[in-house]
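Enquirer: Next one to model:
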Amino acid sequence: MQQNICPNCGSDRNTKSGIINKRQRYKCKNCSYYFTVNKIGKKIDDYYVNKALQLYLEGLTYREIERILSISHVTVMNWVKKYNIKRPYNSNYHPTYKILTAKELGNYFSDASNLKGAGAIVTELGDKFMLIKWERFKD
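Expert: Modelled structure (predicted):
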């Protein structure tokens, strides 16, 4: 008997569960995921998974991440759940972000007043850079 590997968890413990579109359907006994033998899903490069989770941890919303990386906010939500990512909560600061070229980034850092009273991190984003800055809420 041919063993079918679950695309969700990698287990070979599964049982037949009907036929869908003329293909045998299986149910994984480990994670209860339903799949077919010829399942071909869209694979997103790990770079984008890591970048999306980084941005989430930096405080960006799912929709902001969607606009920046052009990946569905639902997909990002699913990755956060899958990898059990917990974002630290601090209500005194809120993040803002800018997408800059290398030259614009250099100009931004040349003015010290841009960083006064805030924390910042720079991350690569394709051929540009993302500057994430945490600012104190004004009372």
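Enquirer: Centroid-nearest residue for the chain?
Expert: For the chain, the residue nearest the mean C-alpha position is Ala52 (3.0 Å; CA atoms, centre = their mean).
Enquirer: Need phi/psi at that one.
Expert: phi -60, psi -40 (degrees, to the nearest 10).
Enquirer: Could you pull up the residues touching it?
Expert: Contact analysis of Ala52 by CB atoms under 8 Å, 6 or more residues apart in numbering lists Ile65, Leu69, Ile71, Thr75, Val76, Trp79. For the C-beta atoms, the positions are set from N, CA and C on the backbone; glycine is no exception.
Enquirer: how many neighbours does Asp46 have?
Expert: 8 (other CB atoms under 10 Å).
Enquirer: Helices of this protein, residue ranges please.
Expert: 46-57, 62-69, 73-82, 102-110 (DSSP state H).
Enquirer: other SSEs contacting the shortest one?
Expert: Counting contacts by 3 or more CB pairs under 8 Å, 6 or more residues apart in numbering; DSSP states H and E, helix 62-69 packs against helix 46-57, helix 73-82, strand 93-100.
Enquirer: Which of these sits closest to Thr123?
Expert: Shortest distance between Thr123 and these, using CB to CB, is found for helix 46-57: 6.3 Å.
Enquirer: C-alpha coordinates for the closest one, PDB please?
Expert: Extracted in PDB, the C-alpha atoms of helix 46-57 (Å, rounded to 0.1, in the frame of the first residue of the first chain):
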ATOM      1  CA  ASP A  46      10.300  31.500   3.300                       C
ATOM      2  CA  TYR A  47      11.800  35.000   3.000                       C
ATOM      3  CA  TYR A  48       8.300  36.500   2.900                       C
ATOM      4  CA  VAL A  49       7.100  34.300   5.800                       C
ATOM      5  CA  ASN A  50      10.000  35.500   8.000                       C
ATOM      6  CA  LYS A  51       9.600  39.100   6.900                       C
ATOM      7  CA  ALA A  52       5.800  39.000   7.600                       C
ATOM      8  CA  LEU A  53       6.300  37.600  11.100                       C
ATOM      9  CA  GLN A  54       9.100  40.200  11.700                       C
ATOM     10  CA  LEU A  55       6.800  43.000  10.700                       C
ATOM     11  CA  TYR A  56       4.000  41.600  12.900                       C
ATOM     12  CA  LEU A  57       6.400  41.500  15.900                       C
END
